[in-house]
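**Q** turn this into a structure:
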Amino acid sequence: MEYREVGKTGKHASIIGLGCEHLDGKPYEQVKETIDAALEFGVNLMDVFMPGTEVRENIAKALGSKRDQVMLQGHIGSTNVNMQYDISRDMPVVKQYFEELLRVFGYIDFGMMFFIDSEQDYKNVFETDFVTYVERLKQQGDIRHIGFSSHNPETAMKVIETGVPEMMMFSINPAFDMLSSKASIFDCLDNGFQAGAYNGIDPKRAELYKLCTQKQVGITVMKTFGGGKLLSPEHTPYSRPMTSQQCVHYALSRPAVASVLTGCKTRAEMKDTMSYLSASDSDRDYTWIYNEVHSAFDGNCVYCGHCQPCPSEIDIAAVNKYLDIARLDKEAIPPSIRSHYQSLSHGGDECIACGSCESRCPFGVPIIKNMIEADSLLG
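**A** Modelled structure (predicted):
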């Protein structure tokens with residue numbers, strides 16, 4: 001295993017960490033098998049954003065006396081409502097869930113302000129008692145460092161400029177980096193992406209990585225595989241799927257990145273992910289994606305936003321994003337995907353089938369059909 005410093009925290013994280021979301025709902029024996037495998041491979045960073053008590057206690061039990069050998073990312077504001085992941089800024093609720101996390105693990109290495117994506121998210125954290133609570137947690141030693149999670153580069157930069165966080169968890173993969181940041185990371189590919197040419201990542205994302213380097217804010221990476229879409233022959237936006245080694249290498253090649261957190265849920269998956277460490281340069285090479293032609297995206301939503309505006313005010317790109325992830329395994333849709341879909345102001349059920357979006361879509365996506373399917377799976 002290789003280790004990198006997490007910004008200016010003084011802590012060094014394994015370049016491959018474990019995102020524990022997919023251990024939620026699994027029996028203790030499976031949790032222990034996965035945690036043991038991670039420790040054997042030298043993993044020392046794990047993310048435990050899941051608000052459920054059972055999964056937290058299973059992970060703590062599996063770690064046992066080795067708790068101090070790992071660094072945990074625990075999220076402040078991650079809650080569990082009606083058995084689904086949710087976001088809260090209501091301080092009694094926030095304290096209830098985070099103090100339960102402290103009860104289970106004793107302390108948290110990186111206290112992450114959960115899901116700051118929009119201007120309203122920013123205000124709900126930095127213009128309320130939320131940030132005061134977070135800073136108090138650090139003063140008390142309950143958390144060792146302050147971090148935050150985000151998917152939006154513009155909002156993330158605003159958070160970093162406050163000087164409060166020392167690190168952040170951000171969604172990074174080649175597809176996301178080629179998306180415009182004007183709406184959200186999933187909205188559209190950079191307009192400079194042409195058939196047979198690649199003109200660089202989205203300027204705001206490039207600016208974010210530069211800012212993190214300048215401010216010594218370390219990055220841990222989520223959504224390395226695009227919810228599995230980049231690895232799937234059926235769902236990849238490219239002519240062929242990427243490999244896990246290529247996705248991991250891409251993320252690790254971004255400035256300020258310390259660790260890539262992968263969602264393994266078995267020893268076999270952990271072993272497969274760790275194949276990156278012994279992979280050759282050719283196995284890790286992801287540059288072929290930059291030579292993909294436009295036709296590779298036909299029929300696939302690339303979240304470009306050309307379908308907007310919608311007369312029903314549906315965020316079509318966001319609905320398609322959650323639908324694409326749900327389609328990967330319709331029998332085991334992550335609770336977080338349902339939660340994010342249901343938090344949208346307007347869902348697929350509000351589609352009036354006017355067809356204006358499909359007439360503007362440059363990739364021939366069956367949007368009306370997708371709206372119906374999305375609400376059937378996620379509504």
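**Q** low pLDDT regions in the stretch 151-300 of the chain?
**A** Residues of the stretch 151-300 of the chain that meet the criterion pLDDT under 70 lie in 179-201, 290-298.
**Q** now the strands for it?
**A** Using DSSP state E, counting those that start in this stretch, the strands of the stretch 151-300 of the chain run over 167-171, 179-180, 188-189, 218-222, 257-262.
**Q** just send those strands back as JSON lines, with distance to V55 and mean neighbour count too.
**A** Backbone N, C-alpha and C define where each C-beta goes, glycine included. Below are those laid out as JSON lines (distance: least, CB to CB, whole Å; neighbours: other CB atoms under 10 Å):
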{"stretch": "strand 167-171", "distance to V55": "18", "mean neighbour count": "26"}
{"stretch": "strand 179-180", "distance to V55": "31", "mean neighbour count": "23"}
{"stretch": "strand 188-189", "distance to V55": "35", "mean neighbour count": "21"}
{"stretch": "strand 218-222", "distance to V55": "17", "mean neighbour count": "25"}
{"stretch": "strand 257-262", "distance to V55": "16", "mean neighbour count": "26"}
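**Q** okay if I get the ones you listed as TSV plus distance to D24?
**A** Shown next, in TSV, are the strands of the stretch 151-300 of the chain (distance: least, CB to CB, whole Å):
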stretch	distance to D24
strand 167-171	17
strand 179-180	28
strand 188-189	32
strand 218-222	15
strand 257-262	15
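**Q** which one of these lies closest to M371?
**A** strand 188-189 (18.2 Å; CB to CB).
**Q** chain center to the biggest strand by length in the chain, what's the gap?
**A** Under DSSP state E, the strand in the chain containing the largest number of residues is strand 143-150. Centre-to-centre, strand 143-150 and its host chain are 15 Å apart (CA atoms, centre = their mean, to the nearest Å).
**Q** contacting residues around it?
**A** 6, 9, 11, 49, 73-75, 107-117, 125, 134-135, 137-138, 156, 159, 164-170, 220, 222 (CB atoms under 8 Å, 6 or more residues apart in numbering).
**Q** hmm, back to that, wait, which of the strands of the stretch 151-300 of the chain is closest to Q96?
**A** Q96 lies closest to strand 167-171 among the strands of the stretch 151-300 of the chain, at 22.2 Å (CB to CB).
**Q** from the chain's centre, how far out does the closest one sit?
**A** Put simply, strand 167-171 sits 8 Å off its chain's centre (CA atoms, centre = their mean).
**Q** that one - contacts with which helices or strands?
**A** strand 143-150, helix 153-161, strand 218-222 (3 or more CB pairs under 8 Å, 6 or more residues apart in numbering; DSSP states H and E).
**Q** CA-only coordinates of it, as CSV, when you get a sec.
**A** The C-alpha coordinates for strand 167-171 follow below in CSV (Å, rounded to 0.1, in the frame of the first residue of the first chain):
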residue,chain,number,x,y,z
MET,A,167,-10.1,18.4,3.8
MET,A,168,-13.1,17.4,1.7
MET,A,169,-14.7,14.4,0.1
PHE,A,170,-15.5,15.0,-3.5
SER,A,171,-16.9,13.0,-6.5
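**Q** strand partners of that strand, parallel vs antiparallel please.
**A** When sheet partners are counted by DSSP bridges, strand 167-171 sits next to strand 143-150 (parallel), strand 218-222 (parallel).
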